[in-house]
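S.K.: coordinates for the following, if possible.
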Amino acid sequence: QVQLVESGGGLVQAGGSLRLSCAASGRTFSSYTVAWFRQAPGKEREFVATIPWSGGITYYADSVKGRFTISRDNAKNTVYLQMNSLKPEDTAVYYCTTAFRKATGWVSSGSWGQGTQVTVSS
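M.R.: Okay, the predicted model is just below:
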């Protein structure tokens, strides 16, 4: 099983940018679809973005489309989430996980890491 560790969170003003990283261990990382989810205080965890093993077609939640970009570097066993034009409502703990698509949407196919906190001040 692939182990994933998130990093890169922090405190940023509205309109600012952050880049999150998701570092993986395991030789088969390049075989997995990877997704970012986030969980704001008092809310359920929600899907943010996903990228297939090939780095091909990516999917985004409507709330982040046009502002966030997911990418991956299989040689470095890392997936990135570039977040631009951040809004206070983007404040959450961000998690990466291996994922697959069900009829109801993207779901995790692996374990969850500690996540990385993103706080956007107004």
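S.K.: in contact with the residue positioned nearest the centre of the chain, which residues are there?
M.R.: Residue closest to the average C-alpha location in the chain (Cα atoms, centre = their mean): Trp36, at 2.3 Å. Trp36 sits next to 20, 22, 48-50, 70, 79, 81, 94-96 when contact means Cβ atoms under 8 Å, 6 or more residues apart in numbering. For the C-beta atoms, the positions are set from N, CA and C on the backbone; glycine is no exception.
S.K.: in JSON lines: those residues, plus pLDDT and secondary structure.
M.R.: As requested, the contacts of Trp36 are exported to JSON lines (pLDDT from 0 to 100; DSSP: H, G, I helix; E, B strand; the rest coil):
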{"residue": "Leu20", "pLDDT": "98", "secondary structure": "strand"}
{"residue": "Cys22", "pLDDT": "94", "secondary structure": "strand"}
{"residue": "Val48", "pLDDT": "98", "secondary structure": "strand"}
{"residue": "Ala49", "pLDDT": "98", "secondary structure": "strand"}
{"residue": "Thr50", "pLDDT": "97", "secondary structure": "strand"}
{"residue": "Ile70", "pLDDT": "97", "secondary structure": "strand"}
{"residue": "Val79", "pLDDT": "94", "secondary structure": "strand"}
{"residue": "Leu81", "pLDDT": "98", "secondary structure": "strand"}
{"residue": "Tyr94", "pLDDT": "98", "secondary structure": "strand"}
{"residue": "Tyr95", "pLDDT": "97", "secondary structure": "strand"}
{"residue": "Cys96", "pLDDT": "95", "secondary structure": "strand"}
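S.K.: so which of the residues you listed is the closest to Val5?
M.R.: Using Cβ to Cβ, Cys22 comes nearest to Val5 of these, at 7.2 Å.
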